[in-house]
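Visitor: coords please:
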Amino acid sequence: MNSVGGCKLAVVNSVSSEAAWGAEFANFLTNKENQVLRYDELAEAPTNIAASNAVDLTTNYAVAALSLQSAYAFSLNVSNNFWTPTETLDAALNAGADGTTSLITSGAGTANIVINSEALQTTLDTAVTSMIA
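Guide: A predicted model of the protein is given here:
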């Protein structure tokens, strides 16, 4: 399994009457100093390269693992080929493929989970086919 490379991205609406404040906020979220502080205070992995180089990533096992696997990570370009089938899959899992019967149902607690395996597999196959089309 490979991981998807992560980043922090801040988008500013340039036609907003508050675009200057939006740009300030985006800079705050992505700058080295803030990301070092967030790592020190909240153990949030920095995605700013300078911040990553400025902290000891080995002090947090989860962040250290992310750092080590980043060498094998790939970029993911998510488009409507992903989101539309995801919405359909979500609807099928929650309301059922026919709109009335959920593919996964549960009574009281996890001991009573019932999975319509054939319908679930068909729904998953359809979602994957749509995503990679």
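
Visitor: dump the residue contacts of Leu89.
Guide: Leu89 makes contact with 123-124, 127, according to CB atoms under 8 Å, 6 or more residues apart in numbering. Where C-beta positions appear, they are placed from N, C-alpha and C, glycine not excepted.

Visitor: could I get the average pLDDT for the helix or strand where it lies?
Guide: Secondary-structure assignment from DSSP states H and E places Leu89 in helix 80-95. Mean pLDDT, taken over the full extent of helix 80-95, equals 78.

Visitor: distance from it to the middle of the chain?
Guide: Here helix 80-95 shows a centroid-to-chain-centroid distance of 15 Å under the convention CA atoms, centre = their mean, to the nearest Å.

Visitor: can you check the pLDDT for Asp40?
Guide: According to the model's per-residue confidence, Asp40 sits at a pLDDT of 91.

Visitor: what's the closest non-adjacent residue to it?
Guide: Setting aside the residues directly before and after it, Asp40 is nearest to Val55 in space (CB to CB, 6 or more residues apart in numbering), at 7.2 Å.

Visitor: residue contacts, the one you found?
Guide: Applying CB under 8 Å, 6+ apart, the residues contacting Val55 are 36, 39-40, 46.

Visitor: buried stuff in the helix holding Leu89?
Guide: For helix 80-95, a neighbour-count test (16 or more other CB atoms under 10 Å) marks 85, 89, 92-93 as buried.

Visitor: which two in those residues are spaced the farthest apart?
Guide: Distance extremes for the buried residues of helix 80-95: the farthest pair is Pro85 and Leu93 at 12.3 Å, using CB to CB.

Visitor: quick check: domain ranges of this structure?
Guide: The record assigns the chain these domain ranges, following automatic domain parsing: 19-72, 80-132.
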